[in-house]
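Enquirer: pasting the structure only:
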């Protein structure tokens, strides 16, 4: 009897974490860090319910501040697609089944002058991935 209870508990535990335990899809992972290296974000895809799904996590000072989270946009675009005579996309999730085909680095370090404000010059310094 005790073995059946333990087996049932393990089955429930494995089923409940199944989505977040999938392996990262090769070639879908990228990361970016702030210029000073204190903030880092990691993006990747896993198969979830038969679809490629985007995930991300964020660290600050080497410690996690946002653990693995699903990245998704839910939007009903039906009306605008019909108005523009476009094929209506029936998927409810914009990030569903996206395929990472290329990743480019973006580094920017410029200065700009606002029309007014507390500072006469503002530095725009960041790293990115496109």
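Expert: Nice, thanks for sending it over. Everything numeric in this text was worked out from a predicted model, so none of it was measured.
Enquirer: for this protein, which residues score under the pLDDT cut-off?
Expert: Where the chain drops to pLDDT under 70, the residues are 1-21, 75, 90-93.
Enquirer: can you map out the helices along the chain?
Expert: For the chain, applying DSSP state H gives helices covering 2-17, 78-83.
Enquirer: could you give the number of residues near residue 33?
Expert: Look at residue 33: counted by other C-beta atoms under 10 Å, it has 13 neighbours. Where C-beta positions appear, they are placed from N, C-alpha and C, glycine not excepted.
Enquirer: my guess is it meets residue 58, correct?
Expert: No - in this structure, residue 33 is not within contact of residue 58 by C-beta atoms under 8 Å, at 10.6 Å.
Enquirer: overlap in contacts, those two.
Expert: Residues touching both residue 33 and residue 58 comprise 39-41, with contact defined as C-beta atoms under 8 Å, 6 or more residues apart in numbering.
Enquirer: export those as JSON lines, with columns for neighbour count and distance to residue 103.
Expert: Rendered in JSON lines, the data for these read as follows (neighbours: other C-beta atoms under 10 Å; distance: C-beta to C-beta, whole Å):
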{"residue": "39", "neighbour count": "15", "distance to residue 103": "19"}
{"residue": "40", "neighbour count": "16", "distance to residue 103": "15"}
{"residue": "41", "neighbour count": "15", "distance to residue 103": "13"}
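Enquirer: looking at these, which are in strands?
Expert: Per DSSP state E, strands hold the following members of the shared contacts of residue 33 and residue 58: 39-41.
Enquirer: reformat those residues as JSON lines; add distance to residue 124.
Expert: Supplementary listing: these in JSON lines, determined by distance: C-beta to C-beta, whole Å:
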{"residue": "39", "distance to residue 124": "16"}
{"residue": "40", "distance to residue 124": "20"}
{"residue": "41", "distance to residue 124": "19"}
